[in-house]
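Colleague: How does the following fold in three dimensions:
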Amino acid sequence: TGVLEPENLVIQTGVSAICESLSFALFDEGDIILIPTPYYTGFEHDFTKRFKCKFLKVPLNSHNDFTHDIDTFINTFESSEQKERIKGVLITHPHNPTGEILSHDFLEGITDFCLSKNLELISDEIYALSMHMETPHQSLFKLAKDKGCKVHLLYGMAKDFALAGLKVGFFYSDDQELLQSMKNLSYFHPVSSQTQIMVANLLADDPF
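Modeller: Numbers count the residues shown, from 1 in each chain. Prediction:
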């Protein structure tokens, strides 16, 4: 997905910890995040329970296998009576729970939408290598980053590597102020040195 800067990477005890840290560092209590539904219900605990973000649910197209449709995001935003509190969009790609591989047109559309409304885009790509098809994963984070969108990447060892018990999640962003806040919050969600060494050795072992 291109060159990433190591100093822009934050490691915490799983993506759930990262999402909760984001709910504190990036949003204020009562801020609204657009999220397509159905969605992974763990996000409710991560974003809404302790630091009180709210979700505005965007219904996926049930007449077309629950696919993502940019027009629905736009209509949901425009019909909201609290537009001023909508601060972000959360996209899981590939999608959980439907397994949809989001189309290039939608990825372009949601990026342009976030740019036009000055919204933070959170790209959860924890299933990026779990696609059973020849076409490689197209990163929403990279596409949005190249367009100058305020985008933040979530990834972890739990899904593609089937290592949920290690509790290792990765956060990447170019927003230096947000990064500093996330690094400070890592004090409360530390991954042990032994675990980090094991993961580093695993990722460096190309033949394995």
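Colleague: use CA for all of it now, contacts and neighbours both
Modeller: Will do.
Colleague: Point out where this structure drops to low pLDDT.
Modeller: Low-confidence segments of the chain, defined by pLDDT under 70: 1-2.
Colleague: May I see the buried residues of the biggest helix by length in it?
Modeller: Using DSSP state H to define each element, the chain has its longest helix at helix 104-117. For helix 104-117, the buried set under the neighbour-count rule, 16 or more other Cα atoms under 10 Å, comprises 106-107, 109-115.
Colleague: Also stretch 93-100?
Modeller: For stretch 93-100, a neighbour-count test (16+ other Cα under 10 Å) marks 93-96, 100 as buried.
Colleague: mind giving me CSV with those residues and columns for distance to residue 172 and secondary structure?
Modeller: Formatted as CSV, the buried residues of stretch 93-100 follow (distance: Cα to Cα, whole Å; DSSP: H, G, I helix; E, B strand; the rest coil):
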residue, distance to residue 172, secondary structure
93, 16, coil
94, 18, coil
95, 19, coil
96, 20, coil
100, 23, coil
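Colleague: Figure out how far the longest helix of the chain is from the centre of its chain.
Modeller: Relative to its chain's centre, helix 104-117 lies at 15 Å (Cα atoms, centre = their mean, to the nearest Å).
Colleague: Next: stretch 14-28.
Modeller: Chain-centre distance of stretch 14-28: 10 Å, with Cα atoms, centre = their mean.
Colleague: Quick one: residues in contact with that stretch.
Modeller: The contact list for stretch 14-28 (Cα atoms under 8 Å, 6 or more residues apart in numbering) reads 12, 42-43, 46-48, 50-53, 87, 154-158, 164, 167-171, 178, 181-182, 185, 189.
Colleague: Got a quick PyMOL command for the buried subset of these?
Modeller: Buried residues among those (16+ other Cα under 10 Å), as a PyMOL selection:
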select buried, resi 12+43+46+47+48+51+52+53+87+154+155+156+157+158+167+168+169+170+171+182+185+189
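Colleague: show me the contacts for the closest residue to residue 186 other than its chain neighbours.
Modeller: Once flanking residues are discounted, residue 186 sits nearest to residue 12: 5.9 Å by Cα to Cα, 6 or more residues apart in numbering. Neighbour list for residue 12: 18, 167-170, 186, 189-191 [criterion: Cα under 8 Å, 6+ apart].
Colleague: distance of residue 12 from residue 157?
Modeller: Distance, residue 12 to residue 157, by Cα to Cα, to the nearest Å: 11 Å.
Colleague: Need the overlap of contacts for these two.
Modeller: 167-169.
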